[in-house]
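Asker: Turn this into a structure:
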Amino acid sequence: MINLEQLRKWAVIGCLCLSSCASYQRTDLYFGRDIPGGGVVSEPQWKNFSDSVISNYFPEGYTEWDANGRWKDTDTRQTITEPTKVVTFFGKKTKERSAALDSIAQRYLRRFRQQSVLRTDIKSKVKFINKAR
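Answerer: Next up, the predicted model:
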């Protein structure tokens, strides 16, 4: 026979399993670092943007990494290769979250005179794997 304490333990485990395998939206933002007219968004400039803008919208966390982007410039019709920062966010799909992501992109566009920021959204299952006890 299961006692009340065992029942509570199994209820907690069940809740953790449900929440640890939840359905989220994955969003990637691609920030080109070439500045029109010359120059590049430097590592200190990026760090300042990430710390002062992105972290304020998503204090719970995100992942960023370096990439090389290739795209066709709509004005010159030339294929451009440029250093790029990619930032990945996971979270529940909400209007507020979407607006925050768009605000980050708009602030980057204005600050560094960019033509665009690429945004991708995909439904994703996420699970945190914790150390076994």
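
Asker: Quick check on Val117: phi, psi?
Answerer: Val117 has phi and psi values of phi -130, psi 130 when expressed as degrees, to the nearest 10.

Asker: likewise Leu101?
Answerer: Per degrees, to the nearest 10, the backbone of Leu101 is at phi -60, psi -40.

Asker: helix or strand right after the helix or strand of the chain with the lowest mean pLDDT?
Answerer: When each helix and strand of the chain is scored by mean pLDDT, DSSP states H and E, helix 4-20 comes last, with a mean of 46. Counting by DSSP states H and E, the element after helix 4-20 in chain order, helix or strand, is strand 23-32.

Asker: Does anything pack onto the helix or strand that that following strand is followed by? Which helices or strands?
Answerer: The C-terminal neighbour of strand 23-32 among helices and strands, as given by DSSP H and E, is helix 43-49. Under the contact definition 3 or more Cβ pairs under 8 Å, 6 or more residues apart in numbering; DSSP states H and E, helix 43-49 sits against helix 95-112. In short, each C-beta sits where N, CA and C put it, glycine included.

Asker: other SSEs contacting the helix it packs on?
Answerer: Packed next to helix 95-112, using 3+ Cβ pairs under 8 Å, 6+ apart, are strand 23-32, helix 43-49, helix 55-57, strand 79-91, strand 118-125.

Asker: Mind putting these into CSV with mean pLDDT?
Answerer: Supplementary listing: those in CSV, determined by pLDDT from 0 to 100:
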stretch, mean pLDDT
strand 23-32, 94
helix 43-49, 97
helix 55-57, 96
strand 79-91, 95
strand 118-125, 94
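
Asker: Tell me which of those lies nearest to Arg110.
Answerer: Of all these, it is helix 43-49 that lies closest to Arg110, at 11.2 Å by Cβ to Cβ.

Asker: if I pick Tyr62, what's in contact with it?
Answerer: Shown in contact with Tyr62 (Cβ atoms under 8 Å, 6 or more residues apart in numbering): 54, 87-89.
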